[in-house]
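**Student:** Output the structure for:
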Amino acid sequence: MLEEWFADCNKLGLAAEHGCFLRLKRDEEWETCVQIEECGWKQNARPVMTLYTETTDGSTIEDKETSLVWSYEDADPDFGTCQAKELLDHLESVLANEPVTVKRGQSCVEVKPQGVSKGLVAKRLLTTMHERGMIPDFVLCIGDDRSDEDMFEVITGSVASGELISPKAEVFACTVGNKPSKAKYYLDDTVEIGRLVQGLASVSEQSVDVFGFE
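**Tutor:** Numbering: from 1, shown residues only. Next up, the predicted model:
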């Protein structure tokens, strides 16, 4: 799906499923960033999610390559939240001996392999750039989910240490709709994300005009 969405972007790196898979450029092969065990645990998790889907109008199950996601974005907010709490407890009990983590997300409950996080892929990207002699002086990091907090922690920690990001770098870590957060900046919604990106693009164009860069 990511390949389809960003097919026209030659040099755009992509990470999928919380960083399980990474592709630095369009013409490169996808690589697996962590050791993924067999997903036999899905046989135990899927029936539980199905039970909650049948009793929660508007909820769905998304079966990804390495994870299972129960989403209640289109369900009644209050009832969906209540069901999500019960589902979380139910799954943690059923999967107690499996190598997975059960977490609440933005209108969802997700089961994914242990040790996988967006923080790991952020660290991987910054480390790869460092090995290639590329220390970023500008970083824009935006997320609207609790799983993004690991990513924010890596970004802010790298700035503080000065090892992977220049101490003089312009760093914008922005949480969308979630408080409290390890991100320094807050955006209300996707509309504000658009305005932020447009503003940055405008400033970038002004810099090109002033300094004559191409």
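**Student:** Quick one: find the helix or strand in this structure with the lowest mean pLDDT.
**Tutor:** helix 190-211 (a mean of 80; mean pLDDT, DSSP states H and E).
**Student:** Just the CA coordinates for that helix, please, in CSV.
**Tutor:** Provided in CSV are the C-alpha atoms of helix 190-211 (Å, rounded to 0.1, in the frame of the first residue of the first chain):
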residue,chain,number,x,y,z
THR,A,190,-4.4,17.2,10.1
VAL,A,191,-5.5,20.6,8.9
GLU,A,192,-2.8,22.2,11.0
ILE,A,193,-0.2,19.6,9.7
GLY,A,194,-1.0,20.9,6.2
ARG,A,195,-0.5,24.5,7.3
LEU,A,196,2.8,23.7,9.0
VAL,A,197,4.2,21.9,5.9
GLN,A,198,3.0,24.8,3.6
GLY,A,199,4.6,27.3,6.0
LEU,A,200,7.9,25.4,5.9
ALA,A,201,7.8,25.1,2.1
SER,A,202,7.2,28.8,1.9
VAL,A,203,10.2,29.6,4.0
SER,A,204,12.3,27.2,2.0
GLU,A,205,11.3,28.9,-1.3
GLN,A,206,12.2,32.3,0.2
SER,A,207,15.6,30.9,1.2
VAL,A,208,16.2,29.7,-2.4
ASP,A,209,15.3,33.1,-3.7
VAL,A,210,17.5,35.0,-1.3
PHE,A,211,20.6,32.8,-1.5
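**Student:** Can you tell me the element residue 174 falls in?
**Tutor:** strand 170-176 (DSSP states H and E).
**Student:** Extract the C-alpha trace of that strand and format it as CSV.
**Tutor:** Provided in CSV are the C-alpha atoms of strand 170-176 (Å, rounded to 0.1, in the frame of the first residue of the first chain):
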residue,chain,number,x,y,z
GLU,A,170,16.2,22.8,13.5
VAL,A,171,14.1,20.0,15.1
PHE,A,172,10.3,20.0,15.0
ALA,A,173,8.8,17.0,16.9
CYS,A,174,5.0,17.5,16.8
THR,A,175,2.3,15.5,18.4
VAL,A,176,-1.2,15.6,16.9
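**Student:** following it, which helix or strand shows up next?
**Tutor:** Following strand 170-176 in sequence order, the next helix or strand is strand 185-187 (DSSP H and E).
**Student:** I would like the residues contacting that following strand, please.
**Tutor:** 142, 172, 173, 174, 175, 176, 177, 179, 193, 196 (CB atoms under 8 Å, 6 or more residues apart in numbering). (Glycine included, C-beta is placed from N, CA and C.)
**Student:** If we use 6 Å, what do you get?
**Tutor:** Strand 185-187 has contacts (CB atoms under 6 Å, 6 or more residues apart in numbering) with 174, 175, 176, 193.
**Student:** same check, this time on stretch 131-138
**Tutor:** 165, 166, 169, 170.
**Student:** Setting aside sequence neighbours, what's the nearest residue to the third one?
**Tutor:** If I follow you right, that is residue 169. Spatial nearest neighbour of residue 169, chain neighbours left out: residue 137 (4.6 Å); criterion: CB to CB, 6 or more residues apart in numbering.
**Student:** which phi and psi does that neighbour have?
**Tutor:** Dihedral angles of residue 137 (phi, psi; degrees, to the nearest 10) stand at phi -110, psi 0.
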